[in-house]
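Visitor: Here's my sequence, what's the structure:
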Amino acid sequence: MKWDAEVRRRHDEGLALVGNDVGTPIISVPDADGHEVAIFGPVITAVPATADALALWDAITLLARLPQFYELKRTRTTGPAVGDRP
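Guide: Reported below is the predicted structural model:
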């Protein structure tokens, strides 16, 4: 409960960048002019191998910076694989 207000504030900041018809995760990055732009996603079921994770990051940040980009989506076929709790 001590983090509720901070989580809500940061979530609202993300929604202000990306819009109201999305959920989480929201990733924001600076565009070529230094303005923050945001994108919903990626929604993944497991953490990819390092090389794939880096390629995914590069792809997502490129899409976030393209004002013409709108959405990609496909049906989930598996649930999340979150691993063991610490």
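Visitor: how about residue 48, what does it touch?
Guide: Shown in contact with residue 48 (Cβ atoms under 8 Å, 6 or more residues apart in numbering): residue 56. Heads up, the C-betas are built off the backbone N, CA and C, glycines and all.
Visitor: For it, give me the pLDDT.
Guide: On the pLDDT scale, residue 48 is placed at 93.
Visitor: now it: how far from residue 36?
Guide: 25 Å (Cβ to Cβ, to the nearest Å).
Visitor: How about residue 59?
Guide: Taking Cβ to Cβ, one finds residue 59 at 19 Å from residue 36.
Visitor: again with residue 15
Guide: 13 Å.
Visitor: Just want to know which of these two has more residues nearby.
Guide: residue 15 (17 against 13; other Cβ atoms under 10 Å).
Visitor: How about the contacts made by that one?
Guide: 22, 26.
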